[in-house]
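>>> Model the structure of this input:
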Amino acid sequence: MDSEISNTPGPISLDGKTALEPQLRALQLLQVAYLITLICSVIGGAARAFMMERVMSQGTSYSEIASTMSAVFGVWRVASLIASVMMLIALNLLARSPAKAQASGLARSAFVLSLLALLVSFVSQFAPRFLFGSADSRQLSTITMGISGIETALDFVSDVMLLEVLLRLRRFAAPASREVAESEGLVRAAIIGALLARIVVGYGSHFLSAILFSHAGSSQWAGFLMRLPFSLAITIGMLWLLNMTAKELREAQHAAASAQPREAADLPAILSEQEQAQAQSSAAYRNV
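Residues are numbered from 1 along each chain as shown. Predicted coordinates for the structure are as follows:
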């Protein structure tokens, strides 16, 4: 009986005007983090394709462009770290969501997985340097691919959890909206499909582009251009969902704040009715 009542859509209740402020701040942080991630993906991918083209097609040695590569990827790593920290802060804020939203546990799990993914990314950057003298190139490549696979799996699961958190918050803010209910499944399927497609293309783009293009440099640019549409689709989809979720939360917060003065205005009438009932009850006892 309790489960049937709790699953029935209805207006949400908030304790004060600032009840949803942590979630709104989290959505703003996530928007900035996704934009930074997209910029890093585009610039970093283009820089890598350009430099690898010079090395493989034009015969340029790594030592000749080492300083340029170090500067570009140094900035890329710093920007990526900032975006990752912003996402962790946002997930921590989303973990404070109201209990009725049923999103706190998922947000905490996504926080843990995102933190593990960040730690694994540090390992992937520094492990080759420590293993360079003790492992041959084949072993080093296998270890690097294994670490990259673990990081990719952690990122994928945390992204799916974050997606579910946003969908639940949107549904919580607008439980009676038919548009929200009808679009939820489509949004979930589209973003998860884009995430899976990006992983598949990311691991297979090198081999596929090498088959389609005869020149090594062309294959580098082709691999980058094959991955780019999926990164754009994921970022645009998540930014749209973040914007719509923030809109629904603001409207719910405004509705809750507007309802409080009406409830306060009705309070004297309610007290008056209670006093009249108490007076009638007292008079009845005296008559008896």
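>>> okay, now residue 224: neighbour count?
A count of nearby residues for residue 224, using other CB atoms under 10 Å, gives 21. Every C-beta, even on glycine, is put in place using the N, C-alpha and C of the backbone.
>>> looking at it, it is touching residue 46, isn't it?
Yes - contact status for residue 224 versus residue 46: in contact at 6.4 Å, counting by CB atoms under 8 Å.
>>> so where's the stretch 151-288 of the chain uncertain?
205-220, 259-288 (pLDDT under 70).
>>> residue boundaries of the helices in it?
Listed in chain order, the helices of the stretch 151-288 of the chain (DSSP state H, counting those that start in this stretch) span 178-212, 216-287.
>>> Residue 152 against residue 200, yeah?
No - using CB under 8 Å, residue 152 is not in contact with residue 200, being 10.8 Å away.
>>> More neighbours: which of these two?
When neighbours are counted by other CB under 10 Å, residue 152 comes out ahead of the other of residue 152 and residue 200, with 16 against 11.
>>> For the more buried one, which non-adjacent residue is spatially closest?
residue 199 (6.0 Å; CB to CB, 6 or more residues apart in numbering).
>>> Quick one: neighbours of the one you found, just the number.
Count around residue 199 with other CB under 10 Å applied: 17.
>>> roughly how far apart are it and residue 236?
18 Å (CB to CB, to the nearest Å).
>>> Contact partners for the nearest residue to residue 251 once chain neighbours are set aside?
The shortest distance from residue 251 to any non-neighbouring residue, by CB to CB, 6+ apart, is to residue 173 (7.0 Å). Going by CB atoms under 8 Å, 6 or more residues apart in numbering, residue 173 touches 12, 20, 245, 248, 249, 251, 252.
>>> which residues sit in contact with the fifth one?
Applying CB under 8 Å, 6+ apart, we find residue 249 in contact with 20, 23, 24, 27, 169, 173.
>>> Show the pLDDT at the first one.
Residue 20 is assigned a predicted lDDT (pLDDT) of 82.
>>> Quick check: phi and psi at it.
phi -110, psi 10 (degrees, to the nearest 10).
>>> Residue 106 and residue 152: what is the separation?
Counting by CB to CB - residue 106 and residue 152 are separated by 20 Å.
>>> mind listing what's buried in stretch 71-82?
Neighbour-count burial for stretch 71-82, with 16 or more other CB atoms under 10 Å as criterion, is recorded at 72, 73, 76, 79, 80.
>>> Let me fix that, I meant to ask about stretch 87-102.
87-91, 93-98, 101-102.
>>> Just give me the closest of these to residue 258.
Nearest to residue 258, judged by CB to CB, of these is residue 98 at 18.3 Å.
>>> if we can go back for a sec, adding distance to residue 115, write the contacts of residue 173 out as JSON lines.
Below are those laid out as JSON lines (distance: CB to CB, whole Å):
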{"residue": "12", "distance to residue 115": "30"}
{"residue": "20", "distance to residue 115": "25"}
{"residue": "245", "distance to residue 115": "23"}
{"residue": "248", "distance to residue 115": "28"}
{"residue": "249", "distance to residue 115": "25"}
{"residue": "251", "distance to residue 115": "32"}
{"residue": "252", "distance to residue 115": "30"}
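>>> Return a PyMOL selection command for the buried portion of those residues.
Filtering these down to the buried ones (16+ other CB under 10 Å) takes a single PyMOL command:
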select buried, resi 12+20+245+248+249+252
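>>> Out of the contacts of residue 173, which comes closest to residue 228?
Closest to residue 228 out of the contacts of residue 173 is residue 245 (25.9 Å), distances taken as CB to CB.
>>> Verify the contact between that closest one and residue 27 for me.
Yes - between residue 245 and residue 27 there is a contact at 6.1 Å, judged by CB under 8 Å.
>>> Could I get the buried residues of stretch 87-102 in CSV, plus columns for distance to residue 118?
Listed next are these as CSV, based on distance: CB to CB, whole Å:
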residue, distance to residue 118
87, 9
88, 7
89, 12
90, 14
91, 12
93, 17
94, 17
95, 17
96, 21
97, 22
98, 28
101, 26
102, 26
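>>> Might you report the residue contacts of residue 96?
22, 23, 104.
>>> still on that earlier bit, with distance to residue 121 added, can I get the contacts of residue 249 in JSON lines?
Putting those into JSON lines (distance: CB to CB, whole Å) gives the following:
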{"residue": "20", "distance to residue 121": "32"}
{"residue": "23", "distance to residue 121": "27"}
{"residue": "24", "distance to residue 121": "29"}
{"residue": "27", "distance to residue 121": "24"}
{"residue": "169", "distance to residue 121": "27"}
{"residue": "173", "distance to residue 121": "33"}
